[in-house]
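J.: Below are the sequence and a predicted model for it; my questions follow.
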Amino acid sequence: MGSKEPAKEKERKKTPRNFSSPWWSSETVAVVTGGNRGIGFEIARQLADHGLSVILTSRESSAGLEAANVLRELGLSVDFHQLDVLDSLSIKTFAEWIQQTHGGLDVLVNNAGVNYNMGSDNSVENAKNVVDTNYYGARIVNVSSRLGRLNGKRNRLEDKDLREQLASMETLSEELIDRTVSTFLQQVEDDTYTSGGWPQVNTDYSVSKLAVKCLYEANGK
């Protein structure tokens, strides 16, 4: 005999979802890291515009406060707290503050990211900081980039076998992603990365965002 399906589960299945009624309210706390500008600022604005209580964070307090004030002047519910996703003390301080002030959080958009290259510049001088921030520092809701596409025509991994491993659900794993990133950083340190088949445009940024995208795929298996 098969086990009986719980009554609540049966009720959930037969009751149509009402998509016109939002699941959030003004009591829903959303944290947006790196929210002082660009995509992060717009995400914070839209979440607050939809009625959520938004905590905007940034590494630099002055920039974060200025961004939060701009949104508050629009009548939106936005607060600010300093947060550096690579600083363990900063993370601890923020975690304690949000627990004491809001009882925790409901939504985390881990948007914080860095890219030191501008235009045609392709320096990897800051590769470790880029990967640490964009990959290791982003583990909840991840914001990637088209430069992180696995099979982009102009900017992709030249190693076909590695591309296939990262593209296959059978071989993709967090261990493979970490190993790929570690290999890249080691080649940067050895100054051999230019012959390693890595993306040729915004190399360190592209590798970090490719890793984020693959990590999302791996965790969704």
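T.: Arrived safely. Remember, it's a predicted structure, so these values are computed and weren't measured experimentally. Residues are numbered from 1 along each chain as shown.
J.: what ranges do the strands span in this protein?
T.: Secondary structure of the chain, counting by DSSP state E: strands at 29-32, 53-58, 78-82, 107-109.
J.: Would you mind saying which of these lies nearest residue 67?
T.: Nearest to residue 67 among the strands of the chain is strand 53-58 (6.0 Å), distances taken as Cβ to Cβ. Any C-beta I mention is one placed from the backbone N, CA and C, and that applies to glycine too.
J.: Hmm, residue 31 is touching residue 104, no?
T.: No. Under the criterion of Cβ atoms under 8 Å, residue 31 is not in contact with residue 104, lying 10.0 Å apart.
J.: Report the residue spans of the chain with pLDDT below the cut-off.
T.: Scanning the chain with the threshold set as pLDDT under 70 gives 1-21, 138-145, 220-221.
J.: can you do 80?
T.: Under the criterion pLDDT under 80, the flagged ranges of the chain are 1-22, 112-113, 119, 136-155, 216, 219-221.
J.: Do a quick rundown of the helices in it.
T.: For the chain, the helices defined by DSSP state H cover 7-14, 38-49, 61-72, 88-102, 127-131, 160-167, 174-190, 203-219.
J.: Looking at residue 31 and residue 104 now, which is surrounded by more residues?
T.: A count of neighbours by other Cβ atoms under 10 Å puts residue 31 above the other of residue 31 and residue 104, at 28 against 11.
J.: separation between residue 74 and residue 61?
T.: Distance, residue 74 to residue 61, by Cβ to Cβ, to the nearest Å: 21 Å.
J.: Among those two, which residue is more densely surrounded?
T.: Set side by side, residue 74 and residue 61 show more neighbours around residue 61, with 14 against 10, by other Cβ under 10 Å.
J.: what's near enough to touch the nearest residue to that one once chain neighbours are set aside?
T.: Computed as Cβ to Cβ, 6 or more residues apart in numbering, the closest residue to residue 61 that is not its neighbour in sequence is residue 82, at 4.7 Å. Contacts for residue 82 were tallied using Cβ atoms under 8 Å, 6 or more residues apart in numbering; they are 57, 58, 59, 60, 61, 64, 90, 94.
J.: Name only those of those residues that count as buried.
T.: Listed as buried from the contacts of residue 82 are 57, 58, 59, 64, 90, 94; burial here means 16 or more other Cβ atoms under 10 Å.
J.: about what we covered before: of the helices of the chain, which stretch is the most buried?
T.: Highest mean neighbour count of the helices of the chain: helix 203-219, a mean of 22 (counted as mean count of other Cβ atoms under 10 Å).
J.: For that helix, what is the distance to the chain centroid?
T.: Computed by Cα atoms, centre = their mean, to the nearest Å, the chain-centroid distance of helix 203-219 equals 10 Å.
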